[in-house]
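*Asks:* Structure for this input, please:
(3 chains)
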Amino acid sequence: DLPPLSSKPEQGRATPSGEGDDKPVVIDTERIRGHHEYESGTRSESELRSRSTISTDQIKKPNQKADPAAKDTPSAPQQNYTLSPAIKTDSRTGTSAQESEKAESMVLPGGVERLPGPAAEEGEPRLRTRTQSAPRTLSAQKRGEKPAKTPAPAEADQDRPGFAEGERIGGHREEAGDEKLRLAGETEPEAIEQKLAEAEAETDKQSPVFVVADRLQGHVEEEIEAIGKAELSAGPQFISAERMKYNQGTNDAEAQGNVRVEKEGDILEGSDLKFNLLSKTGQLSEPSYRLKDASSRGYAGMLLFEGENQYRLQKASYTTCPVGDDSWVLQVADLKLDNDKKVGTAKNVKLTFKDVPILYTPWMNFSYSGERKSGLLAPTYGTGSRTGLELAVPFYWNIAPNYDATFSARLMSKRGLAINNEFRFLGQNSSSNLLADIVPRDLDTQTTRWRTSFWHNHYLGAGFSARLDYNRVSDATYFRDFGNNLNLTSRTNLLQQGLLSYNRGLGDDGTFNVTSLVQSFQTIQDPLAAIVVPYKRLPQVGLNANKPDVFGTGVDVNLSGSWTNFSHPTLVNGSRTVLFPSMSYPLRNSFGFITPKVGMHYTRYSLGEGAGVSEENPTRTLPIFSLDSGLAFDRKMSLGGESFTQTLEPRVFYVYVPFRAQDQLPNFDSAKTDFSFAQMLAENRFSGSDRINDANQVTFALTTRLLESSTGRERLRLAVGHQLSFIDRRITLETPQTIDRRPDFIAAVSGFLTPTISTDTSFQFDQTRLLADVVRSGVSYRPEPGRVLNFGYRFTRDVLHQVDASSQWRWSERWQTVARLNYSLQDKRILEGLAGVEYNACCWSLRFVLQHLTLATQKSTTAAFLQLELNGLMQIGSNPLTVLQRSIPGYIRTGSQGSGLIEGP
Amino acid sequence: ERADSEKPVHLEADRATVQDANKLATFIGNVVLTQGTLIIRADKMTVKEDANGFQYATAFGNLASFRQKRDGKDEYVEGWSERMEYDGKADKVQLFKKARLRRGKDEVHGDYISYDAVNEFFQVNGEGGTSTQTHSEGRVRAVIQPKKKEPKPEADNS
Amino acid sequence: CGFQLRGTAALPFDTLYISFPQGHPIGTDLRRLVRASTSTRLVDNRKKAEAILEILSVTNDRQIMSVSGGGRVLEFELRYRVSFRLLDAKGEELIPTNELALRRIMPFTNQQVVAKEGEEAMLVREMQSDSADQIVRRLGAVKVAELNKSPQVNP
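*Replies:* A predicted model of the protein is given here:
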């Protein structure tokens, strides 16, 4: 078992402040991927750090019936297409890039590159190991996956702390549902075997052939000729033509005269056909086709059937626009459509949009399945106020199914060339990710600038696991110059940490954990708002043991302790030993509980000289006593016709901690915590172990919840809390002269006020002055997908005072607007502004988004994203999706109704 | 079988009238004609014999039927129709109206079917009606069972 | 006003097996909660249980909530998501797969990055016990009309 997440003060992951890592995209455009599908499903760029664990039970049982279809990102599948690695066809792609550049002059250059930040998104790129059951639907990215054999302890599970996650290079699509890297090189196991099995079965009991015509003739058991409106159907295959000949021996069918072939929704028409019903091979001349899955259609010189569900079109046109609307058409010399994998591979491609050629490429492949296959994209371009005009040309190198690399060359008018590289590896019990970006010579600063981040997670077996997280950047303004989203630009402390942890269970529910780590930060300062560099922990060894109901006595015993050596360039250095054994005796029944708890907190410092401290080894020992109790009342009620159970849960929490002078003690890792429901029912209002507050206080809390009777789901919750201190507290962290004023009354409401309006609001008051210290209020109105309106008001005295409004509104089938405004009343400036419009035609959509972002005290950047999406084929330009998902809570990517990715046009 | 045409023809019926002058015999009432492996059953049948002894029979029935073993295979070809004409010399059967021919599980339906047993060639026509015929009547249908997969090299389609 | 003390939360099944991501503390919370506040007995063998609570995934992550005038993070939004489902002995879904999402806001200052880890852990711990609470309440609300109590015959 694992240590209870909570009791371990240090979770073995440092959270560098300003840690923000989102989907790194070179030009903030979708992900570049090579032939190999390299999945980097992420739900939203904004998820800074995700820690997801999969129930191994669920992994062990591959025959999981229903895929845990937790509400998936409702983003409709998007297509992206893959361009051949530019290395091979450098000259051609180069030209094609220029051509597309030139040809695209009418499409304004838009989109600002986003420096690849660490990609600690939810469904971070998932390399699948052999033991892992491949989730049936690729789009089941919702839950993070990790190699099944890695029962990493909660802290060391797959997510990567802080900045250190390896970001992705280039415009990797963040949409969930991409193909995954597979371990140990074999193909998709189950799917292939299953298909072969079906194939065998099929040919054995091949379905009978039915022929209908005006006239028939032929030799028994050899061939049969049908003349006059002949129709042949064999299993799912249906062929009709003027004349037809079917040879029973060889299973060949030939047809002439407006031939029409139908199979599972695909309709192919042509002049004459040769087709073998058994091997599903043959050819159809001058075909016009309509494919159901790809909802695509077009004409061709020749259509070759190359086996079950494999078509190859020569000199073909391809589009997903409905008949009569040729907004975009792909002219292809050779197009191979694999209807099983739902992948199209095209050679010598010319793409015209509204009859304007916008792209030539020698080779490309694209996915038209429900789940998007990632692919190497066309070169992407964008602008940024700090990088100027830029163009990114991505390469993708698929070394092995579980090992790949992505390089991207990025030409910036103001900064010159940047090479972004990323390597990913998935082992049986380990996975790692290396990112290295280098700007050989920044035109602006005439210096070489680089940035690297390495992340490795390893389960060593027998409860041991290790993790390494190293990030470094060449200079303090790297992110502000090359990054364009908040997660990158707000980064201040870059985590550099190594961690080794050991976990095991103690009997039934007990846990035992030892974690040792070495942690330091590279602090990149905003010159106008410099901060004190955080302490380094070189090393810290933490122990945590918890045994409930020891020897059946009902007493829970908990021991947490740590030895840490803190070092700091300027502040006092020294080591600290903390031991905090505690016992609690929980008495619980259905309607209430009383839990007395007593603990002894012992701390001993050994400080280096010159610490300006009287004693070299100050110690502090103080008992901590708390009594927690609560009751629960229920009643049935109905509201607006719905039946609810309303609960009323009073709670009383008393804490007594004697005063111990601590102003002589150094402060390595203690800080004031926000007065929240969680904190007010805890013993120490300071985090860390350097300051233990003196307390003789009682906290009253009253929570009432509205539970839906049918499902038990919590519809609405209101809670109030008040902390009454019988003493005036003398331990403070502020400089002495500021009185230790702290809010002591909190009220909060969260949940659905009406089926479409939900809120999450909390107030913190200082009882004595009846002044609100903290107000955090958010209201969102979501009548239907694609229509959301959010308002936010956030106030913390002397810290922040902001209003925040965002919306996504679909006005009609065609038009949709997005907007966000985050205005700081305190600084009188816009922290983040965003406005965008999206036009959805039935088979293509155009998105334009303008974003204004505060980068540093006097620095801000404006970015424009312009993206043309050809449904079922690809996207060109910079992808605003990740920005929208981060900026507008509840944003749903709504494909145009005609996108027909799933259903037909 | 090919050898059938050399075989003697046996005929049974409830009643029969013979007109020797033009070698025409008419049989009425569950008529059975057998010649080698060929068996024709009908309600009424007229049989003519030509100069060198070949028999030509015309059978009528509420679905007269015929059955003949295929040459060199222990399989039978069967046919049903309202009117049936059998040419002993050419070993050819023509079925008119509600014609159905079956070999193993393969079947063809139509208004006229001609089956030449010697080279096993069959022809099936609809009523010859105009193309406006709805799908069912006037159209011919065939059901062909997939052959048991004999191991033969991958047939390259022509 | 109609409130009475909550009776023993009678879950509609006598034995329950809880499966959760290996070592994740939410499992301990759930087991303790079921043992303390319900009359249902926890079994360790999936096949002997009348009902199986499957915690499919537990995800917690962090997102920038607000930034300062200088573009530095002032508040993080911590999100805790548990997706779970309840099966009966035959494997039929009594509660279909669904996700419970909770969020808390944590103020942040860059200097105290080390200290803020402790606060974050405390908030995550609180969300964890809150979600365990809500899950057990969801179990109580299961309608048991067609619950087939016999343990799974086929393994």
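
*Asks:* which is the next helix or strand following the helix or strand harbouring A:D481?
*Replies:* Assessed by DSSP states H and E, A:D481 sits inside helix A:478-482. Remark: after helix A:478-482, the chain's next helix or strand is helix A:486-489, criterion DSSP H and E.

*Asks:* how about the closest residue to A:N339 other than its chain neighbours, what does it touch?
*Replies:* Using Cβ to Cβ, 6 or more residues apart in numbering or on different chains and skipping the chain neighbours, the partner closest in space to A:N339 is A:N309 (3.6 Å). C-betas here are computed from N, CA, C, even on glycine. For A:N309, the contact set (Cβ atoms under 8 Å, 6 or more residues apart in numbering or on different chains) comprises A:280, A:338-340.

*Asks:* A:P539 too?
*Replies:* A:516-518, A:564-565.

*Asks:* quick one: pLDDT of B:G72?
*Replies:* Turning to B:G72, the model gives it a pLDDT of 79.

*Asks:* Show me the helices in chain C, by range?
*Replies:* With helices called from DSSP state H, chain C shows them at C:25-37, C:113-140.

*Asks:* lowest-confidence stretch among those?
*Replies:* Among the helices of chain C, helix C:25-37 scores lowest, with a mean of 84.

*Asks:* Now do the buried residues in that one.
*Replies:* Neighbour-count burial for helix C:25-37 flags C:25-35, C:37 (criterion: 16 or more other Cβ atoms under 10 Å in any protein chain shown).

*Asks:* Repeat that for stretch C:100-110.
*Replies:* For stretch C:100-110, burial by neighbour count (16+ other Cβ under 10 Å) applies to C:100, C:102-110.

*Asks:* Closest to chain B out of these?
*Replies:* C:L100 (54.5 Å; Cβ to the nearest Cβ).

*Asks:* May I have the beta-bridge partners of the closest residue to the closest one other than its chain neighbours?
*Replies:* Closest residue to C:L100 apart from its sequence neighbours, by Cβ to Cβ, 6+ apart: C:V82 at 4.8 Å. Beta-bridge pairing for C:V82 (DSSP bridges): C:V58, C:L100.

*Asks:* Distance check, the residue of the stretch 301-450 of chain A found nearest chain B against B:G36.
*Replies:* Closest to chain B within the stretch 301-450 of chain A is A:F305: 9.8 Å, counting by Cβ to the nearest Cβ. Computed as Cβ to Cβ, to the nearest Å, the A:F305 to B:G36 distance reads 46 Å.

*Asks:* again, but for A:E254
*Replies:* A:E254 is 36 Å from B:G36, by Cβ to Cβ.

*Asks:* In terms of neighbours, single out the busier of the two.
*Replies:* A:E254 (21 against 17; other Cβ atoms under 10 Å in any protein chain shown).

*Asks:* I'd assumed A:L277 was in contact with that one.
*Replies:* No. With contact defined as Cβ atoms under 8 Å, A:E254 does not reach A:L277; the gap is 11.4 Å.

*Asks:* Please tell me I have it right and A:D214 contacts A:G228.
*Replies:* Yes. Using Cβ under 8 Å, A:D214 is in contact with A:G228, at 2.7 Å.

*Asks:* can you tell me which residues contact the residue nearest to A:L291 when sequence neighbours are not counted?
*Replies:* Leaving aside its chain neighbours, A:L291 sits nearest to A:D266 (5.0 Å; criterion: Cβ to Cβ, 6+ apart). Shown in contact with A:D266 (Cβ under 8 Å, 6+ apart): A:289-293, A:339.

*Asks:* Likewise for A:D760?
*Replies:* For A:D760, the contact set (Cβ under 8 Å, 6+ apart) comprises A:749-750, A:776-778, C:103.

*Asks:* Let me know the closest of those to C:L11.
*Replies:* For those, the minimum distance to C:L11 (Cβ to Cβ) is 26.2 Å, reached by A:S750.

*Asks:* Assumed that closest one was part of a strand.
*Replies:* Yes. Assessed by DSSP: H, G, I helix; E, B strand; the rest coil, A:S750 belongs to a strand.

*Asks:* Relative to A:S777, how far out is it?
*Replies:* 10 Å.

*Asks:* Pull up the overlap in contacts between the two.
*Replies:* Joint contacts of A:S750 and A:S777 (Cβ under 8 Å, 6+ apart) are A:759-762.

*Asks:* Was I right to think the residue nearest to C:L100 contacts C:D130?
*Replies:* No. Applying Cβ under 8 Å, one finds C:V82 not in contact with C:D130, separated by 10.2 Å.

*Asks:* Who does the residue sitting nearest the centre point of chain B form a beta bridge with?
*Replies:* The C-alpha lying nearest the average C-alpha coordinate of chain B belongs to B:V93 (Cα atoms, centre = their mean; 3.8 Å). Beta-bridge partners recorded for B:V93 (DSSP bridges): B:Y86, B:Y115.

*Asks:* Just the pLDDT at it, thanks.
*Replies:* You'll see B:V93 listed with a pLDDT of 85.

*Asks:* Kindly point out the strands partnered with the helix or strand that contains A:D272 and how each is oriented relative to it.
*Replies:* Taking DSSP H and E as the criterion, A:D272 maps to strand A:266-276. Strand A:266-276 has the following strand partners under DSSP bridges: strand A:252-263 (antiparallel), strand A:281-285 (antiparallel), strand A:288-291 (antiparallel).

*Asks:* can you list the ones you listed in CSV and add distance to A:P755 and mean pLDDT?
*Replies:* Shown next, in CSV, are these (distance: least, Cβ to Cβ, whole Å; pLDDT from 0 to 100):
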stretch, distance to A:P755, mean pLDDT
strand A:252-263, 45, 89
strand A:281-285, 53, 90
strand A:288-291, 40, 88
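
*Asks:* now those strands as a markdown table including distance to B:K98?
*Replies:* Output for those, formatted as a markdown table (distance: least, Cβ to Cβ, whole Å):
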| stretch | distance to B:K98 |
| --- | --- |
| strand A:252-263 | 28 |
| strand A:281-285 | 36 |
| strand A:288-291 | 39 |
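
*Asks:* how about the residue lying closest to A:S582 once chain neighbours are set aside, what does it touch?
*Replies:* Spatial nearest neighbour of A:S582, excluding adjacent residues (Cβ to Cβ, 6+ apart): A:G599 at 2.9 Å. Residues near A:G599 by Cβ under 8 Å, 6+ apart: A:558, A:580-583, A:623-625, A:683.

*Asks:* Quick check: closest non-adjacent residue to the residue most central in space within chain C.
*Replies:* Centroid-nearest residue in chain C, with Cα atoms, centre = their mean: C:A132, separated by 3.5 Å. Nearest residue to C:A132 in three dimensions, chain neighbours excluded: C:D29, at 4.0 Å (Cβ to Cβ, 6+ apart).
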